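K.L.:
What would the 3D arrangement of this be:
(chains A and B)
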Amino acid sequence: MSVGIVMLVHTALGRAEQVARHWSAAGCPLVIHADVSVPRQTYNAFVKALSDLPNVQFSKRHRCEWGTWGLVAASQAASQLMLDSFPDVRHVYLASGSCLPLRPVEELIDYLENRPHTDFIESATTADVPWTIGGLDSERFTLRFPFSWRKHRYLFDKYVSIQRALGMKRRIPGGIVPHMGSQWWCLTRQTLSAILSDPERATFDRYFSKVWIPDESYFQTLARQYSRQIESRSLTLSKFDYQGKPHIFYDDHLQLLRRSDCFVARKIWPHANRLYDAFLTDAAHAMKKTEPNPGKIDRIFAKAVERRTRGRPGLYMQSRFPVETRENGLTSAQYSVFQGFSALFENFESWLARATGTRVHGHLFAPERAEFCDGQTVMNGALSDSAALRDYNPRAFLASLIWNTRGERQCFQFGPRDNQAVNWDIAKDPNAQISVISGAWAVPLFKSNQNFSDIRREAARLQQIESKHLEILRSSWTKARVRIWTMAEFIEAPMEPLQTIIDEIGPQQNMRGLAEVPKMADLTGFGQFLQNLKNQGMHPYLMGNFPVARDPMEPPGNKRKPYLVR
Amino acid sequence: MQQPQDISQRIGTAAMAYRLRWKRRRLLARALRKRRQLSEVRNRTDQIKPDAILCFATVRNERVRLPWFLDHHRKLGVDHFLFVDNASDDGTAEYLLQQPDTSLWRTPHSYRLSRFGVDWLTWLQIRYGHGHWCLTLDADEVFIYPFHDTRPLRALTEWLDMKEITSFGALMLDMYPKGPLDAHPYEAGTDPFEILSWFDGGNHMIQKQKKLENLWIQGGPRARVFFAENPRRAPTMGKVPLVKWDRRYAYVSSTHSLLPRHLNHVYDDQGGEKTSGILLHTKFLHMIAEKSAEEKLRGEHFANSSLYADYYDSLTRNPDLWCECSTRLISWRQLEAMGLMSRGTWL
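P.N.:
So this is what the prediction gives:
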């Protein structure tokens, strides 16, 4: 009782020969099928090179183009020859020239010996599998595919849409339910011979020869008819990327392949000398009676597909530059934008840094320079504080800052004096937490020592800018978490909003509550200041209603008290 | 409602495609004319096998950089180098003649008028590059890609072939020393990144160019130090150095962009990452100050060189490009993790 290897080869015949010798030395008979496209001379040399092996046969050559019937025809012919020439063979293992046995062949033989009636073939109905490259799943079995997908893509697509439009459907031969799965299988003599000598084989062959990618469905479907026991998995480790192209294994995958405990892997890069040396000569490799465990490799490769299709959000580079709406988020991590807070509170930035343990910057988009925290002139990633560089591409500036500081939350101040070019980008970024005290820009003006006519002009300008910004923040496109208070509203009960914002930033502060409160600017006379602006013909409205007669927050006759910790 | 706009858009696209086709033809015709400026010094192109990977470069006084340049790219698996020597007087030509896998042409003509050497190389690519994977570099560029230490270039090109990808993008990463540029003399043949071991890790700015659909990447230490007040003039850092060449292709400006423009699509615009590499830039070795003074006089490196007088002057003064937030080069895995290049699905 032994395992026979059916090997389909088309390139890198030197490697195929090496692997064939390895199988043969372990006592496995081989039937080799070489693609018709292999030049006659090369083929003859290949046959000659293997002529010293007693248990190797060559089957009739077919043209094996990807996704066509030829691959099935080749497998059929070679399997038939295998069953006929080597009556001892119990399991037939379909492999390719770029397959590499990872474990000693004896282990495979033992493994199959212990499971004499099991067919290892991945086989699932179309409804249950996600691998549908090219958008065709059940239609693989109901349409006709006379044109090559690789060579005549246009005709292929057109013919599919014509059939769809006309509602043309093929009849699936009676009694079978189409199944799909990896083309690399290992079947028992009983199952395989039943498939090959089925009285209806001609019907099935005719049907499957027009199915798309029949090598992934012919044996997978028919094995279901005859098998006593199907293990729906392939013994060959073989991974595909999101375009259906096989992943290739290189020298640096040695450890990964070792740990997989799989019997055979494909596809191996023909020049991966280290892999071939390690796995073909390493017979002393300890016998491990373990089940194949491709889980780890699966995870790594699934991650790669994710990297290719979704990328690393918030990263912009020479090979990832998503169009708008495809970014999966403008930035890579959450951050907070505070507008008006540093105007209203005297020590807001240092207080916030202490309260949340995050990196708190000043006005990053200030007209003079990017005010990084602690007065730094460069930030992580050598991001410069130059206003000109920042304003050249403010979106890139913000994305870079957040990307470069991954793992540490960033907070920064914003205001109507700052460059407003990123307003839309921030508003549309789900990672942004934006808190605005509208009209608080008036406080520095109130405190300033400028001529009142200048103050009036500046106030009008800032109010106009901020109201435009608020319009953006309130638009239906906004995805950021936005909170807006008028200044009057905010100072009535400042602790509650502050607590909410901080809770959202970091859960670690939840327990303690705010141990310390920021110091609010002295607003005595602010109401009168606003009234003066009004008297000059300007209409300050973003800050809400401040009574002129008395100071805000002050019960008549009482001195202002500091806020208390609750 | 949408149809009229659609049609006008389509017409616009078709018109642009048509204009670019003529532009490409003009570039090819130009290269054909400029071939007369080249004189063959040593032609070993008969060594080139059908699947050989080729490297093209225009050089001028690069005797010091070349040993490492050749060594590195040979190890990657470049089979043949095709050089144009633009009037070197430091022994560059003599050195290249000793190399067994190198063909050499010489020209005394203007580098600027040859579109910074591209016209000459385009001719050589028409003549020898057709059907080959071609790496077009400057002598101060060292090409790396994910897994370059364990997988030869051929592994990459075969994989690209399988995926039917014909061009491969790279970011030019300016490498610099800590301290004044001339403080660490470099010895030919040694690893330049022992000296130039620092880089700017995350200050690049990208815009998509409408016309050629390539990415215009700027940033790095030069933008930070020399062009902080005038970022528009900061050097372009995105390149497409590796292309499965066809004789109808042409680089447009240096190797930043090509025609036909589908070759510029080395980036994914649907959120994913394509596989990409890095050109480690060894410009800032100790020779830079001297060379900058010379380049300023020659005015051969920018289309409007006078605008860059300050830049050359600053370089001549041996500035320190290093800053607190510079990153030290450790490995390609570090660069990949930082997002300066990507392995895409090439695992």
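K.L.:
low-confidence ranges in the stretch 151-300 of chain A?
P.N.:
A:282-289 (pLDDT under 70).
K.L.:
Near chain B, which residues of it? Just list them.
P.N.:
Taking Cβ under 8 Å from any Cβ of the partner chain as the criterion, the stretch 151-300 of chain A approaches chain B at residues A:D241, A:Y242, A:Q243, A:K245, A:H247, A:I248, A:Y250, A:D251, A:D252, A:W269, A:H271, A:I300. All C-beta atoms are positioned from the backbone trio N, CA, C, and that covers glycine.
K.L.:
Look up phi and psi at the third one.
P.N.:
According to degrees, to the nearest 10, the main-chain angles of A:Q243 amount to phi -100, psi 10.
K.L.:
What residue in chain B comes nearest to chain A?
P.N.:
Using Cβ to the nearest Cβ, the single residue of chain B nearest to chain A is B:G202, 2.4 Å away.
K.L.:
Now for that residue, how many residues are close by?
P.N.:
By other Cβ atoms under 10 Å in any protein chain shown, 25 other residues sit near B:G202.
K.L.:
from memory it sits against A:T405, does it?
P.N.:
No: contact criterion Cβ atoms under 8 Å: B:G202 and A:T405 do not qualify, at 9.1 Å.
K.L.:
which residues are common contacts for the two?
P.N.:
Common neighbours of B:G202 and A:T405 (criterion: Cβ atoms under 8 Å, 6 or more residues apart in numbering or on different chains): A:N380.
K.L.:
and the gap between B:A183 and B:L280?
P.N.:
Remark: distance between B:A183 and B:L280 (Cβ to Cβ, to the nearest Å) = 20 Å.
K.L.:
Show me which of these two is the more surrounded one.
P.N.:
Using other Cβ under 10 Å as the criterion, B:A183 and B:L280 rank with B:L280 on top: 24 against 12.
K.L.:
got the contact list for that one?
P.N.:
By Cβ under 8 Å, 6+ apart, the residues touching B:L280 are B:E141, B:V142, B:F143, B:I144, B:L173, B:M175, B:F193, B:L196, B:L329.
K.L.:
Check for me that it belongs to a strand.
P.N.:
Yes: according to DSSP: H, G, I helix; E, B strand; the rest coil, B:L280 belongs to a strand.
K.L.:
Once you drop chain neighbours, what's closest to it?
P.N.:
Of all residues not flanking B:L280 in the chain, B:V142 sits nearest, at 4.3 Å (Cβ to Cβ, 6 or more residues apart in numbering or on different chains).
K.L.:
Which strand or helix spans the one you found?
P.N.:
strand B:141-144 (DSSP states H and E).
K.L.:
Give the pairing partners of that strand; include direction for each.
P.N.:
strand B:277-281 (antiparallel) (DSSP bridges).
K.L.:
ok and the residue in the stretch 451-566 of chain A nearest chain B?
P.N.:
A:K479 (15.8 Å).
K.L.:
residues near A:I502, how many?
P.N.:
18.
K.L.:
Past the helix or strand encompassing it, which element shows up next along the chain?
P.N.:
Taking DSSP H and E as the criterion, A:I502 maps to helix A:495-505. For helix A:495-505, the following helix or strand on the C-terminal side (DSSP H and E) is helix A:526-535.
K.L.:
Not counting residues beside it along the chain, what's closest to the closest residue to chain B within the stretch 251-400 of chain A?
P.N.:
Closest approach between the stretch 251-400 of chain A and chain B, counting by Cβ to the nearest Cβ: A:G381, at 2.4 Å. Using Cβ to Cβ, 6+ apart and skipping residues adjacent in sequence, the residue nearest A:G381 is B:G202, 2.4 Å away.
K.L.:
Also A:V443?
P.N.:
Distances taken as Cβ to Cβ, 6+ apart place A:A343 nearest to A:V443, at 4.6 Å, with adjacent residues excluded.
K.L.:
Quick check: buried residues in whatever helix or strand that neighbour lives in?
P.N.:
Per DSSP H and E, A:A343 falls inside helix A:341-344. Using 16 or more other Cβ atoms under 10 Å in any protein chain shown as the burial criterion, the residues of helix A:341-344 that qualify are A:F341, A:S342, A:A343, A:L344.
K.L.:
residue contacts, the residue nearest to the first one when sequence neighbours are not counted?
P.N.:
The one in question is A:F341. Leaving aside its sequence neighbours, A:F341 sits nearest to A:F348 (Cβ to Cβ, 6+ apart; 4.8 Å). Applying Cβ under 8 Å, 6+ apart to A:F348 gives the contacts A:F338, A:F341, A:S342, A:Q413, A:P518.
K.L.:
Repeat the analysis, applying 7 Å as the threshold.
P.N.:
Neighbouring residues of A:F348 by Cβ atoms under 7 Å, 6 or more residues apart in numbering or on different chains: A:F341, A:S342, A:P518.
K.L.:
what does A:L143 give?
P.N.:
A:V160, A:Q163, A:R170.
K.L.:
Where do the helices of the stretch 351-500 of chain A begin and end?
P.N.:
Ranges of helices in the stretch 351-500 of chain A, per DSSP state H, counting those that start in this stretch, are A:387-392, A:394-404, A:423-427, A:442-447, A:452-473, A:487-492, A:495-505.
K.L.:
hey, which of the ones you listed is tucked in deepest?
P.N.:
Of those, the one with the most neighbours on average (mean count of other Cβ atoms under 10 Å in any protein chain shown) is helix A:394-404, at a mean of 24.
K.L.:
Figure out how far that one is from the centre of its chain.
P.N.:
Taking Cα atoms, centre = their mean, to the nearest Å, the mean C-alpha location of helix A:394-404 is offset from the chain mean by 21 Å.
K.L.:
before we move on, the earlier item: what pLDDT, on average, does the helix holding A:A343 get?
P.N.:
Taken as a whole, helix A:341-344 has a mean pLDDT of 92.
K.L.:
Ok, stretch A:446-460 next?
P.N.:
90.
K.L.:
And for stretch B:170-182?
P.N.:
On average, stretch B:170-182 scores 93.
K.L.:
For residue 151, the count of nearby residues, please.
P.N.:
Because you didn't say which chain, this covers chain A. 9.
K.L.:
Switch to chain B, please.
P.N.:
22.
K.L.:
Show me where the stretch 51-200 of chain B has its helices.
P.N.:
Using DSSP H, counting those that start in this stretch, helices in the stretch 51-200 of chain B cover B:66-76, B:92-97, B:118-124, B:153-162.
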